[in-house]
Structure formats: C-alpha cells, structure tokens
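# Need coordinates for the following:
(chains A and B)
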Number of protein chains: 2
Amino acid sequence: MPKRPRQVNEAGSEFYLGPKKRITVRAWKGVPLVDIREYWKDDEDVEKPSKKGISLTADQFRDLLKYADEISNVLDSME
Amino acid sequence: MPKRPRQVNEAGSEFYLGPKKRITVRAWKGVPLVDIREYWKDDEDVEKPSKKGISLTADQFRDLLKYADEISNVLDSME
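Predicted coordinates for the structure are as follows:
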C-alpha cells in the first residue's frame, strides 16, 4: 500500500498508486468521474497530470469492481 | 453490466466497460498488466486502442481494489 493513501483537496479525493500514478474522484460538469492517471514532475518538482490516463464514470467504475475477482484470478494465473 | 462481459484472445483477457472502454489483462515482456483503455473504430469498423488509457501492474491494480470501498463511498456522496 502506498505511503500516502488519500488526500482531499480542490482537485477532489485522491488515492495514490505508487509515486507516479493516482486515482482522483471528482465531478466534471456535475458528473462524478474516477480518473486513473500517470503524473510527472516539472522543473520545479510540481506534480502534473500526464496524458496517460482514463476517466471512468461511476457506472464504469462499478463494472470494473464487478470484474475484480475475475481479473484477480487471471493475474494470479500469470504469476 | 455490459453485454459482452469477457473475451479471451491473443490480446489477453478482455472485460468490457460499455461500448468504448475495455480492460485487458495481458503480459508485456513477462510482466502481467491490467490495461484500462478507450477504443475507437476505424473506417472499416475495426476497434483500435486509443492513447486514452493506462496500464497498471498487478500490485497497482490490487492497491486500486483496496481503495474500492472508499472510492465507492466518495462516488455515493456525490450522487
């Protein structure tokens, strides 16, 4: 589990997946979104969101969770 | 839940999040990855992966699942 599990700020609620990836839950034009994205540091060491990422709607995130067991089984079978 | 819940082919195991987004579990140079990505259709109606997406390692995917309850709570509070 990452060291900083959660932060709530003006960007929304953030959950860290290691140093470079982040899950942000926020509303975009009133629509709740779960954004899973890679971040990079600029010259002044400020973390910026990169283009590598995807935003899921609440329903799409819930579908992902429905698949969780099956995805975990596939991962286990590969390790 | 999407109509086509799962497909296994040369690309790996695929799980559908609606018509345009897809989770693919596959090995890249021996490393199991969970890729969550948007797809688009070319002129011949063939679905192609877009640049909008992110690949998670197995550990990062497991961390995402550890956050699942808290993320779901945040989503519920926004709706």
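# most centrally placed residue in chain A?
A:Ile23 (2.1 Å; C-alpha atoms, centre = their mean).
# Name the SS class of that residue, please.
Following DSSP: H, G, I helix; E, B strand; the rest coil, we place A:Ile23 in the strand state.
# Let me see the contact set for the closest residue to it other than its chain neighbours.
Among residues not flanking A:Ile23 along the chain, A:Phe15 sits closest, at 4.2 Å (C-beta to C-beta, 6 or more residues apart in numbering or on different chains). For every residue, glycine as well, the C-beta is placed using N, CA and C. Residues near A:Phe15 by C-beta atoms under 8 Å, 6 or more residues apart in numbering or on different chains: A:Pro5, A:Arg6, A:Arg22, A:Ile23, A:Thr24, A:Val25, B:Leu64, B:Tyr67, B:Glu70, B:Ile71.
# which of the residues you listed count as buried?
A:Arg22, A:Ile23, A:Thr24, A:Val25, B:Leu64, B:Tyr67, B:Ile71 (16 or more other C-beta atoms under 10 Å in any protein chain shown).
# Surely A:Arg37 is in contact with A:Ser50, unless I've mixed up the numbering?
Yes. The pair A:Arg37 / A:Ser50 is scored as a contact, 6.7 Å apart, by C-beta atoms under 8 Å.
# ok, those two, which is more surrounded?
A:Arg37 (18 against 13; other C-beta atoms under 10 Å in any protein chain shown).
# got the contact list for stretch A:33-52?
So stretch A:33-52 is contacted by A:17, A:20-27, A:53-58, A:60-61, B:36, B:51-54, B:56, B:64, B:71, B:75 (C-beta under 8 Å, 6+ apart).
# Among these, which are located in helices?
A:Ala58, A:Gln60, A:Phe61, B:Leu64, B:Ile71, B:Leu75 (DSSP state H).
# No further queries at this time; thank you.
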